[in-house]
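**Q** here you go, sequence then predicted model.
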Amino acid sequence: MSENHTEHHTDECQETDARMDRNLALEVVRATEAAAMASARLMGQGDDLAADTAAIAAMHRTLSFVDIDGVVTVGEGLEGDAPLLYAGHKVGSGVGPRVDIAIDALEGATIVARGGLNALSAIAMAEPGGFLDPPPCYMDKIAVGPDLPLGVVDLDATPGDNLNSLAAAKGMPVPDLLVCILDRPRHEGLIREVRKAGARVMLIPDGDVSAVIATASGGLDIAPDIYMGLGGAAEGVLAAAALKCAGGQMQGRLRLRDDKDRAAAIKRGITEFDRKYGADDMVRGEVMFAATGVTPGALLQGVRRVARGIVTHSVVMRSKSGTVRFVTAFHDPRRGCPAMPQ
């Protein structure tokens, strides 16, 4: 494999961390590359389960080559929900630093099945105990990019108040703001309020991890100023990990539906059911984040087949250095690369 690196920030830090060093960050991206390539083979086939299963299997297989003693804390559900990468599943070679892992092997399985945009594979790695461990439930989320006053937006404020505050902080009129929201019936009221405030709305079918990351990624042709709405709690933790590396602000609040959800939360050490979590509450300590595009999107290019192999486009981030590194990799199946789908 050959790789081209384009860095958003310069990583001048020379010391290595005994627990998670920067070389490990570039090792982990191979797992998202493998998952992206495996699921991309099923793009447009109309089978979201097959695409998701292929991504999970490829990510698990590739992680076995990485020298970590890892455990999945935020994964593809509970044991029994998925054959691999469920919460509590041990991953890695077993030799190396002990780490907790948050995974979404394929964010946007429906997108891949339909041949749509913005599907990706994502993984985050932290020191043991570093991730909030939510039960399988929804999370109310709001996120903005870097270089804004702390608390510029708040889950407890109205959409209109948040948009006015954000517009003032950015020095721009509210009608120039672009608000990203998942296209779901549950968001009809939110969409009406945003439009009433005068802001523009970008509706996406899936992929709120990539949408949150996009708020912190300057230089994109189309980048939302803010993300709002209700999405998966596990995806909220992954998005918080990315924002902690790239900069930006995020708040999330678990939406527990019933006593079963509350019991599952208590089992995970969550007792403040209405707590408003910031990114630093959802992801504690040093974190690494990697994602690879499966289909083309605003942040990442999709998997591309070329004459002699496959090209992938990924982003790798580290909170310790603030590095945001884009990686374009060529994968040659003739070399027997372990990241290649079998």
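**A** Arrived safely, thanks for sending. Numbers count the residues shown, from 1 in each chain.
**Q** shouldn't C180 be within a strand?
**A** Yes: according to DSSP: H, G, I helix; E, B strand; the rest coil, C180 belongs to a strand.
**Q** now do the contacts for it.
**A** Counting by Cβ atoms under 8 Å, 6 or more residues apart in numbering, C180 makes contact with 202, 204, 211, 214-215, 224, 226-228. C-beta: built from backbone N, CA, C; applies to glycine.
**Q** mind running it again at 10 Å?
**A** Remark: with contacts taken as Cβ atoms under 10 Å, 6 or more residues apart in numbering, C180 is in contact with 143, 201-204, 207-208, 210-212, 214-215, 222-229, 298.
**Q** hey, what's it bridged with?
**A** M202, Y227 (DSSP bridges).
**Q** would you map the strands across the stretch 1-150 of the chain?
**A** Assigned by DSSP state E, counting those that start in this stretch, the stretch 1-150 of the chain shows strands spanning 2-7, 69-74, 90-91, 98-107, 120-126, 138-144.
**Q** from those strands, which stretch is densest packed?
**A** Of all these, strand 120-126 carries the top mean neighbour count, a mean of 29, counting by mean count of other Cβ atoms under 10 Å.
**Q** quick check: mean pLDDT of that one?
**A** If you average the pLDDT over strand 120-126, you get 95.
**Q** stretch 168-182 now?
**A** pLDDT averaged over stretch 168-182 gives 96.
**Q** got the buried residues for that stretch?
**A** Within stretch 168-182, the residues scored as buried using 16 or more other Cβ atoms under 10 Å are 170, 174, 177, 179-182.
**Q** mind giving me the domain ranges of this protein?
**A** The record assigns the chain these domain ranges, following automatic domain parsing: 2-131+286-335, 138-282.
**Q** weakest of those domains by average pLDDT?
**A** Taking the mean pLDDT of those, domain 2-131+286-335 comes last: a mean of 85.
**Q** list buried residues within the contacts of C180.
**A** Counted by 16+ other Cβ under 10 Å, those give 143, 201-202, 204, 207-208, 210-212, 214-215, 223-229, 298 as buried.
**Q** quick one on the thing from earlier: distance to V306 for the strands of the stretch 1-150 of the chain - can I get that in a markdown table?
**A** Shown next, in a markdown table, are the strands of the stretch 1-150 of the chain (distance: least, Cβ to Cβ, whole Å):
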| stretch | distance to V306 |
| --- | --- |
| strand 2-7 | 12 |
| strand 69-74 | 32 |
| strand 90-91 | 30 |
| strand 98-107 | 22 |
| strand 120-126 | 20 |
| strand 138-144 | 35 |
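**Q** select, out of those strands, the one closest to A50.
**A** strand 98-107 (10.6 Å; Cβ to Cβ).
**Q** ok, K267 - how many residues close by?
**A** 10 (other Cβ atoms under 10 Å).
**Q** so it sits against P134, correct?
**A** No: between K267 and P134 there is no contact under Cβ atoms under 10 Å: 11.3 Å.
**Q** any common contacting residues for the two?
**A** By Cβ under 10 Å, 6+ apart, no residue touches both K267 and P134.
**Q** ok now stretch 106-124, how far from the chain's centre?
**A** Its chain's C-alpha centre and that of stretch 106-124 lie 11 Å apart, by Cα atoms, centre = their mean, to the nearest Å.
**Q** relative to L166, how far out is A264?
**A** Separation of A264 from L166 (Cβ to Cβ, to the nearest Å): 34 Å.
**Q** settle it for me: which of these two has more neighbours?
**A** In this view A264 and L166 are compared by other Cβ under 10 Å, and L166 has more residues nearby, 23 against 17.
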